[in-house]
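K.L.:
got a predicted model here, sequence first, then my questions.
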Amino acid sequence: MRLRWTLRIGCWLFVPLVAGCTLHSPQPVTMPVALPSGYAEPSGSGEPLAALERWWERFNDEDLNTLLAEAFAANLDLRQAYARLEQAEALVRSSGAAQRPSLDLSAAGGRRQQTVNPIGSMTADSYSLSLPASFEIDLWRKLASRTAASRLELGASREELKALYLSLSAQVADIYFLAVEQQAQLELTDRNIAAFGDTLQRVESRYREGLVPALDVYQSRQNLASARSRRPQFENSLAAAEHALAVLLGRYPGSKVVENRGTLPPAIPEFPAGLPSRLLSRRPDVEARLLRLEASDARIAAAIAERFPALRLTGSYGGQSTELGDLLGAGNIFWNLLLNLAQPLYDGGRRAAEVDRTRAVFRESLAGYHQSVLTAFREVEDALAAGRTGEERIARLVEAEEASAAALRLALDRYLQGLSEYLPVLTAQGLHFTAQSQLLAARRQLIADRITLARALGGGWMDEAMHQGMSPEIR
């Protein structure tokens, strides 16, 4: 306590000598854990990340490219983010203005009556016109620290806008391929409905000839009805995907977004994960957390400086007269210049409490930054694991689909030749339909996992997109 007051009094008494003394040293920012040389998942590689720039183009789907261009131009979340960015830029200009002199124009006019003995009452007019000015000398960098905090917040807003571009690209691509998959599921269902209907006709023909019991007819009808019951589910999922995609594009969620959808890509691209040490520089959400952490540190410096003397220079220049026409006459001009030094002595502990609060905010922001770093690595590891297991699942489902197709052909041939009952056909049809549907879903899920990985790895392509969408005032 004695050392703190000694420093404060010393700085106060020797203002000209200590105008540049530092009251607060920036807090160190550490990593929550030591960064590994590579990812835990064996599918992660140390290849360069250049291939991730505009990653969606690697799917070679022009419809997807068109949708993303439209989303970047019309998405309403992006418009809100740009408005928030303009607000942050305005706050920087507002806080920076406190470091410059202020100048006002003041004018006044009035009439006054007073009693003057023994003459009696006297009435007089009074007019004044002046230019008052003030300027606070930022001895302890209080104002500079506030401006620095605002600039860091502006930088964080820019990074959050980049993160929104990254998230939006992933959402559009994910929902687009979901719509493609649901359309493919509908087409698969229609093909199976047609095949089951053809089988039913054959069974009914054999029943009329007395070759098979009525049970076979009922079982075939049941199989056909089961296939038809799946169609509304896929129709509903397709409609929901279309509606979600339309909202992302700033459209009314009604009509189809893409009239002639493509198909799921036969070869799903792989995205190199790069090195863990490069991830944080490519993640705009992590960078935003870091900038807000630095802003909270700057606010600590401002809160500490608030407890030291404030030196303000004020002055005015103008004229004052009882005649409006002679307001700026040579004999009516006045000016003044004042230097005001104010040292807080007692405020009930308010300023000290503000210092403690800002330090607690810094600790909270530091923990949040550490959490965002760990979350970033977890997202990459999760996406790598999902991609690896997804590829394994697709390989097994391809085997299952091929085996179920062969079993269906054999069961149907044996039944039509009268060598077996209808139950093996019924079972084979259901298994083959399920295997085909699961394979489609697994392929789309692998695409979703790749998109998640691209989002988790971040990138630098958002800078160009922001430059195109940003107003000239905040570029």
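P.N.:
Perfect, thanks for sending it. Residues are numbered from 1 along each chain as shown.

K.L.:
ranges for the helices of this structure?
P.N.:
2-13, 15-18, 62-74, 76-97, 142-208, 214-248, 276-282, 284-305, 350-416, 423-457, 462-469 (DSSP state H).

K.L.:
worst mean pLDDT among those helices?
P.N.:
Lowest mean pLDDT within these: helix 15-18, a mean of 42.

K.L.:
quick one: closest of the helices of the chain to S37.
P.N.:
helix 276-282 (7.5 Å; C-beta to C-beta). Just so you know, the C-beta spots here come from the backbone N, C-alpha and C atoms, and that holds for glycine as well.

K.L.:
which residues does the nearest residue to W56 once chain neighbours are set aside contact?
P.N.:
Leaving aside its sequence neighbours, W56 sits nearest to A173 (C-beta to C-beta, 6 or more residues apart in numbering; 5.3 Å). Contact partners of A173, counting by C-beta atoms under 8 Å, 6 or more residues apart in numbering, are W56, F59, L64, L68, I451.

K.L.:
what count of nearby residues applies to A303?
P.N.:
By other C-beta atoms under 10 Å, the residues close to A303 number 23.

K.L.:
ok, it touching R351?
P.N.:
Yes. In terms of C-beta atoms under 8 Å, A303 counts as a neighbour of R351; the distance is 7.2 Å.

K.L.:
ok, back up a step: dump the contacts of A173 into TSV; add neighbour count as well.
P.N.:
Converted to TSV, those look like this (neighbours: other C-beta atoms under 10 Å):
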residue	neighbour count
W56	20
F59	22
L64	21
L68	22
I451	23
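
K.L.:
and the gap between A97 and T189?
P.N.:
With the distance defined as C-beta to C-beta, to the nearest Å, A97 ends up 65 Å from T189.

K.L.:
sorry, wrong one. I was asking about A148.
P.N.:
A148 sits at a distance of 61 Å from T189 (criterion: C-beta to C-beta).

K.L.:
again, but for L412
P.N.:
For L412 relative to T189 (C-beta to C-beta), the value is 19 Å.

K.L.:
one more: A465?
P.N.:
Applying C-beta to C-beta, the value for A465 to T189 is 38 Å.

K.L.:
just P101 next, same as before
P.N.:
Where T189 is concerned, P101 sits at a distance of 75 Å (C-beta to C-beta).

K.L.:
more neighbours: those two, which one.
P.N.:
More crowded of P101 and T189, by other C-beta under 10 Å: T189, with 22 against 12.

K.L.:
the more buried one and S169, how far apart?
P.N.:
31 Å.

K.L.:
tell me the contacts of the residue positioned nearest the centre of the chain?
P.N.:
The residue lying closest to the centre of the chain (C-alpha atoms, centre = their mean) is L164, at 3.3 Å. Applying C-beta under 8 Å, 6+ apart, we find L164 in contact with D77, L78, A81.

K.L.:
cutoff 6 Å now
P.N.:
Counting by C-beta atoms under 6 Å, 6 or more residues apart in numbering, L164 makes contact with A81.

K.L.:
distance between the ends of stretch 70-83?
P.N.:
In stretch 70-83, first residue to last residue: 19 Å (C-alpha to C-alpha, to the nearest Å).

K.L.:
which residues touch that stretch?
P.N.:
Under the contact criterion C-beta under 6 Å, 6+ apart, stretch 70-83 has outside partners L161, L164, L168, V172, L248, L249, G250, A465.

K.L.:
the last one contacts L168, correct?
P.N.:
What that stands for is A465. No. Between A465 and L168 there is no contact under C-beta atoms under 6 Å: 9.6 Å.

K.L.:
doesn't L293 make contact with S365?
P.N.:
Yes. With contact defined as C-beta under 6 Å, S365 and L293 form a contacting pair (4.3 Å).

K.L.:
more neighbours, the two?
P.N.:
Counted by other C-beta under 10 Å, S365 and L293 do not tie: L293 has more neighbours, with 24 against 20.

K.L.:
surely that one touches H370?
P.N.:
No. Using C-beta under 6 Å, L293 makes no contact with H370, being 9.7 Å away.

K.L.:
need the CA coordinates for the lengthiest strand in the chain. PDB is fine.
P.N.:
When the chain is parsed with DSSP state E, its longest strand is strand 120-137. Output of strand 120-137 as PDB, limited to C-alpha atoms (Å, rounded to 0.1, in the frame of the first residue of the first chain):
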ATOM      1  CA  GLY A 120     -34.200  53.100  -9.300                       C
ATOM      2  CA  SER A 121     -34.500  50.100 -11.600                       C
ATOM      3  CA  MET A 122     -32.200  49.800 -14.700                       C
ATOM      4  CA  THR A 123     -32.700  47.500 -17.700                       C
ATOM      5  CA  ALA A 124     -29.700  46.300 -19.900                       C
ATOM      6  CA  ASP A 125     -29.100  43.900 -22.700                       C
ATOM      7  CA  SER A 126     -26.300  41.400 -22.800                       C
ATOM      8  CA  TYR A 127     -24.800  39.500 -25.700                       C
ATOM      9  CA  SER A 128     -21.900  37.100 -25.900                       C
ATOM     10  CA  LEU A 129     -20.200  34.900 -28.500                       C
ATOM     11  CA  SER A 130     -17.300  32.600 -27.800                       C
ATOM     12  CA  LEU A 131     -15.400  29.600 -28.900                       C
ATOM     13  CA  PRO A 132     -14.700  27.400 -25.800                       C
ATOM     14  CA  ALA A 133     -12.100  24.600 -26.300                       C
ATOM     15  CA  SER A 134     -10.800  21.800 -24.100                       C
ATOM     16  CA  PHE A 135      -8.100  19.200 -24.400                       C
ATOM     17  CA  GLU A 136      -7.100  16.400 -21.900                       C
ATOM     18  CA  ILE A 137      -3.400  15.700 -21.800                       C
END
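
K.L.:
partners of it, with directions?
P.N.:
Applying DSSP bridges to the sheet, strand 120-137 is found paired with strand 102-103 (antiparallel), strand 106-116 (antiparallel), strand 310-321 (antiparallel).
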